[in-house]
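Q: Okay, sequence plus prediction incoming.
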Amino acid sequence: MDFWDLVRRRRMSRAFEARPVDTDVVDRVLDAARRAPSAGNSQGWAFVVLEGADTAKFWDATLPVERRAGFRWQRLLDAPVIVLPLADRGAYTSRYAEPDKASTGLADAGRWPVPYWQVDTAFATMLLLLAAEDVGLGALFFGVFRGADRLLDTLGVPDDFELIGAVALGHPLPEESGLSASRPRRELAEVVHRGGWSEAPPLGFEPLEHTDAPLPVAFADLEAPVEPLPVAFADLEAPVEPQAEDVVEAHDGSDLPRPETI
């Protein structure tokens, strides 16, 4: 698939068929993720993959059975694969203690301007989402707001690994649009400030997006909520209308049809 078509086609899916995804296909998607860039080539990421019956370990820890009846996105629970991207801070502090990096002082995690282990794991997760689209799978990145510690303990994840979220994978089903789907994508001129923070000049080329249809964004809205979250999984955006207690607010919209799923 052409790269620009892939970028435009990609969107989050919140409804899945229960049928399994071939392990070779899952491995292909994960192989793309591990090719992400990382500071010092530290590659400080890991992925716990839950397939088939093992996905119950995720839902049992994060969405107890007694709360599932009111969960808006019931077919999300059918996703046959859940991938947990984990950031390894120790991989970075160890790498920057090596002779060629020691002079940076970044063996001390507190001296990093931003937590690159999380940034780089997010890079890897974005590649995973693009690879899923490329092979005809649906995918949803969402936050884990309840039960994360219990989940990681159940799965035996070492204490120094940080969970940045979860990715559901599977064969996508048609679904209703999320609450954010009607929000228009910001124009390039609104987000690009050449030479400083100022009005951007007119574009010198035709932008990638040339239809009126809003396009999706890669990840859930990472803006901290004003009120404590009443939801299990969301893009941290409060619903406009009252919803069931647990809401997954995914990002919708695409101006290209999906290819046939595998």
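A: Structure received. All values derive from a computational prediction rather than experimental measurement.
Q: Wasn't V119 part of a strand?
A: No - counting by DSSP: H, G, I helix; E, B strand; the rest coil, V119 is not part of a strand but helix.
Q: what's the burial count for it?
A: Neighbour count for V119, taken as other C-beta atoms under 10 Å: 15. Placement of C-beta: from N, CA and C, glycine included.
Q: Which residues are in contact with the residue nearest to P85 when sequence neighbours are not counted?
A: Spatial nearest neighbour of P85, excluding adjacent residues (C-beta to C-beta, 6 or more residues apart in numbering): T125 at 4.7 Å. Contact partners of T125, counting by C-beta atoms under 8 Å, 6 or more residues apart in numbering, are 33, 85, 141, 164-165, 167, 219.
Q: List the contacts of A91.
A: Contacts for A91 (C-beta under 8 Å, 6+ apart) come out as 42-44, 117.
Q: any chance you could map the helices in the stretch 1-150 of the chain?
A: Secondary structure of the stretch 1-150 of the chain (DSSP state H, counting those that start in this stretch): helices at 3-9, 23-33, 55-62, 89-95, 116-134, 148-155.
Q: Mind checking the ones you listed for the one nearest to A79?
A: helix 55-62 (6.8 Å; C-beta to C-beta).
Q: Show the average pLDDT along the closest one.
A: Mean pLDDT, helix 55-62: 97.
Q: Can you give the distance from it to the centre of its chain?
A: Relative to the centre of its chain, helix 55-62 is centred 18 Å away, using C-alpha atoms, centre = their mean, to the nearest Å.
Q: now swap in stretch 96-110 and tell me
A: Relative to the chain's own centre, stretch 96-110 is displaced by 29 Å; criterion: C-alpha atoms, centre = their mean.
Q: got the buried residues for that stretch?
A: By 16 or more other C-beta atoms under 10 Å, the buried positions in stretch 96-110 come out as 96, 101, 106.
Q: Thanks a lot, catch you later.
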